[in-house]
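Asks: would you be able to build a 3D model of this:
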Amino acid sequence: MSVEHASMRIIDGYARGGTDIAADEVWALEAHLEECRVCRERLSAAVEAEAPDVAALVGTVWSGLEPQLAVTATMPRRRRWSARLSRWMTPTMVPWLAMVVAAALLALLLDLANTGSGTGPGEVSLVLLFAPVLPVLGVAASWSRGLDPAYELTASVPRAGLYLVLRRTASVLGVVVPALFVCGWVTGVMVAQWLLPCLALTSMTLALGGVVGVTRAALGLATVWAAAVVAPTLAASRLTFALQTGALPVWGLILTLGIGVVIARRGAYSVLGAHR
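Replies: Numbering: from 1, shown residues only. From the prediction side, this is the model:
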């Protein structure tokens, strides 16, 4: 495919049924057709030339539907901001993201109630303790099959692969991270202490999601975090190594590894199992 438009070879092959072009070219063409009116018109002309039977069938169906559509009340157009928002998240994500932000605010309130002089070197900040895993829970909610009424439709669209995974993950981070910035600033927690583990766990969620599914990976990592970090920290009333500044290079390595796996296995997110 060229930079601006699809080649006629791919369009003609797609019009004939797509059996003589590669699967990735089919995916790329379908994604391109969503945005390119010129290529849609070229495809329409190609269908008439390459598959006249299909064109005749479409014409017959349309001639029967057109009178009904003419008398059907038109639906009100969605506001522009609502249409753009729907590209990044589903309506069911909003209350769950609100719950994640509320959890961060609750941790902030508990920190302020328990420590009158800020967060010292040996004190446990609940904001620092829960901040790395809160976006992971948001990612789990964004890919929960039970929370998305349009799951089957979403999983079948041309951009249901890594493109959609990254969009929903970015929408979660775009809501949760600013709230955590405020909470961390109020409690005096160093940004790198929670942001780097947060991004590392998110990248590992996506990396493992290509194998076991994004939701399962998110819930699994959240469980491991609770058992390996939260429980020991609360039991000993002091920060574990995972939350200390000495662990930042390790988190940087995990983040790099997660990003590398996502890039190397980007085709895995087109498989239906990655959406569970």
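Asks: what's the local residue count around A227?
Replies: Residues within reach of A227, counting by other CB atoms under 10 Å, total 10. Any C-beta I mention is one placed from the backbone N, CA and C, and that applies to glycine too.
Asks: residue contacts, the closest residue to T19 other than its chain neighbours?
Replies: Distances taken as CB to CB, 6 or more residues apart in numbering place G13 nearest to T19, at 7.9 Å, with adjacent residues excluded. For G13, the contacting residues are 19-21, 25, by CB atoms under 8 Å, 6 or more residues apart in numbering.
Asks: any weak-confidence spans in the stretch 151-276 of the chain?
Replies: 151-161, 269-276 (pLDDT under 70).
Asks: quick revisit: ok, of the contacts of G13, which one's closest to V212?
Replies: E25 (28.8 Å; CB to CB).
Asks: give me the number of residues near that closest one?
Replies: Counted with other CB under 10 Å, E25 comes out at 17.
Asks: ditto for the one 5 residues further on
Replies: If you count neighbours by other CB under 10 Å, E30 ends up with 14.
Asks: could you pull out the helices for the stretch 101-250 of the chain?
Replies: Assigned by DSSP state H, counting those that start in this stretch, the stretch 101-250 of the chain shows helices spanning 126-130, 134-142, 151-156, 162-187, 191-212, 214-225, 231-236, 248-264.
Asks: of the ones you listed, which is nearest S44?
Replies: It's helix 151-156; of the helices of the stretch 101-250 of the chain, that one is closest to S44 (CB to CB) at 22.4 Å.
Asks: for the most centrally placed residue in the chain, give its distance to W194.
Replies: In the chain, the residue lying closest to the centroid (CA atoms, centre = their mean) is R168, at 2.5 Å. Plainly put, R168 is 22 Å away from W194 if you go by CB to CB, to the nearest Å.
Asks: for A226, same thing?
Replies: 16 Å.
Asks: ok, the two, which is more surrounded?
Replies: W194 (25 against 12).
Asks: residue contacts, the residue nearest to the more buried one when sequence neighbours are not counted?
Replies: Closest residue to W194 apart from its sequence neighbours, by CB to CB, 6+ apart: A131 at 3.8 Å. Contact partners of A131, counting by CB under 8 Å, 6+ apart, are 104, 107, 180, 183-184, 189, 194-195, 197-198.
Asks: one more time with 7 Å, if that's ok
Replies: By CB atoms under 7 Å, 6 or more residues apart in numbering, the residues touching A131 are 104, 180, 184, 194, 198.
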